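Enquirer: A predicted structure for the sequence below; I have some questions about it.
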Amino acid sequence: MAAPKRTDRLVAGEELEPFTFQVTEEFNENYLHSVEDFHPRYVTGVDGAQPIIHAGLLFNFSNLTRSPTFSLPAGVAAIHTHEEATFYDPAPVGSTITVSWKILDTYEKRERLYQVVEALITTDTGAKVLRRVSTNIYMGEG
Amino acid sequence: MPPLGHDTPVGHTVTGRTKKVTSYRTWLFSGGWPRFDGWPAKNVHTDLAAAQQSGLPTRAASGAMCLGYLTELLVDLFGEAWLSHGELTSKFIGIVDAGDDIVSKARVTEVEKLGSGIQISLDVWCENQDGTPVVVGTASGRVQ
């Protein structure tokens, strides 16, 4: 199988391979510890509802670096500079999440490459959870 | 923290909980379990050498950590319903590293009538222990 195209060379309209993962109770709790947010809505659920996945986890695992076809040479890093997020519905713990990415724009500013990418986060039931439009800058020499 | 309501005035400012960024929490967030194929435990978020090789002066905690902090504040202010309609725009303007204390804040900038409820717009930001903003942005949500 051919190596994926370097992610910093992807242009508007190109997509990265989607990433699918299940968020178990343990996985979610790992994130609660990292952001020190132990509200019952994430642990036991409130008012009889199921516990929900923490937004920090969803943000982190929908960065384009999580795509199986994300590819950069050693010494080059994608740095997150700007973010627009729209929430649609919380996802219950136990959900299988799929993230799909599409490059919306690329441009240069002050001799640096910027890339704008859309990430769409959905559950295995097809429900939209979160849409992100993130801008990344590529730093380093590859 | 009292939630926002119909009597919340423009200019109302709130402060979230202070978060202590540690190497362990940064590793948990960006390098720990579960580690999927291709995701290194040593990366610009968790390892100084990896960060410097990429041209950064030091490790940079993932911007997603601050998005998690801001989301916590916004869910406190609007309730869990915010996760079904909320919007958040943010710009990352400073590096967060282990040892930093980060606090999220919000200031109401506009209150508009929206059907039977209201829509509230805010400036939001995260600042470090020196009072230096590291993330700035805007957010909005609805109150019935």
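Expert: Cool, the structure landed.
Enquirer: what's the distance between the residue in chain B that chain A sits nearest to and A:Arg66?
Expert: Residue nearest to chain A within chain B (CB to the nearest CB): B:Gly68, separated by 2.6 Å. (C-beta placed from N, C-alpha, C; glycine too.) Distance of B:Gly68 to A:Arg66, given as CB to CB, to the nearest Å: 16 Å.
Enquirer: If we ignore the residues flanking it in sequence, what's nearest the residue of chain B closest to chain A?
Expert: Using CB to CB, 6 or more residues apart in numbering or on different chains and skipping the chain neighbours, the partner closest in space to B:Gly68 is A:Gly56 (2.6 Å).
Enquirer: buried sites along the host helix or strand of the one you found?
Expert: Under DSSP states H and E, the secondary-structure element containing A:Gly56 is helix A:55-60. The neighbour-count criterion (16 or more other CB atoms under 10 Å in any protein chain shown) identifies A:Ala55, A:Gly56, A:Leu57, A:Leu58, A:Phe59, A:Asn60 as the buried residues of helix A:55-60.
Enquirer: ok but the residue of chain B closest to chain A is inside a strand, no?
Expert: No. Assessed with DSSP: H, G, I helix; E, B strand; the rest coil, B:Gly68 is helix; it does not lie in a strand.
Enquirer: check contacts around it.
Expert: With CB atoms under 8 Å, 6 or more residues apart in numbering or on different chains as the criterion, the residues that contact B:Gly68 are A:Tyr31, A:Ser34, A:Val35, A:Asp37, A:His54, A:Ala55, A:Gly56, A:Leu57, A:Phe59, A:Asn60.
Enquirer: so what pLDDT did it get?
Expert: With respect to pLDDT, B:Gly68 has a value of 92.
Enquirer: ok, now B:Gln52?
Expert: 83.
Enquirer: In space, what's closest to it - neighbours in sequence excluded?
Expert: B:Gln52 sits nearest to B:Thr58 (CB to CB, 6+ apart), 7.7 Å away.
Enquirer: and that neighbour, that one's in a strand?
Expert: No. Under the criterion used here (three-state DSSP), B:Thr58 is coil, not part of a strand.
Enquirer: and the longest helix for chain A?
Expert: The helix spanning the most residues in chain A, taking DSSP state H as the definition, is helix A:25-35.
Enquirer: How far away from the center of its chain is the following helix or strand past that one?
Expert: Scanning forward in sequence from helix A:25-35, with DSSP H and E defining helices and strands, the next element found is helix A:40-43. Taking CA atoms, centre = their mean, to the nearest Å, the mean C-alpha location of helix A:40-43 is offset from the chain mean by 22 Å.
Enquirer: and helix A:40-43, C-alpha only, in CSV?
Expert: Output in CSV follows, covering the C-alpha atoms of helix A:40-43 (Å, rounded to 0.1, in the frame of the first residue of the first chain):
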residue,chain,number,x,y,z
PRO,A,40,-21.2,13.5,37.9
ARG,A,41,-22.5,14.0,34.4
TYR,A,42,-19.3,12.3,33.2
VAL,A,43,-19.1,9.7,35.9
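Enquirer: So that helix, near chain B or not?
Expert: Yes. For a cut-off given as CB under 8 Å from any CB of the partner chain, helix A:40-43 has contacts with chain B, namely A:Arg41.
Enquirer: where do the strands sit along chain B?
Expert: Assigned by DSSP state E, chain B shows strands spanning B:13-20, B:87-92, B:101-114, B:117-127, B:133-143.
Enquirer: re earlier: who are the packing partners of the longest helix of chain A?
Expert: Secondary structure elements in contact with helix A:25-35, counted by 3 or more CB pairs under 8 Å, 6 or more residues apart in numbering or on different chains; DSSP states H and E, are helix A:40-43, helix A:55-60, helix B:23-30, helix B:63-78.
Enquirer: Tabulate those helices (JSON lines), appending distance to A:Ala49.
Expert: Below are those laid out as JSON lines (distance: least, CB to CB, whole Å):
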{"stretch": "helix A:40-43", "distance to A:Ala49": "8"}
{"stretch": "helix A:55-60", "distance to A:Ala49": "16"}
{"stretch": "helix B:23-30", "distance to A:Ala49": "25"}
{"stretch": "helix B:63-78", "distance to A:Ala49": "14"}
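Enquirer: Many thanks, have a good one.
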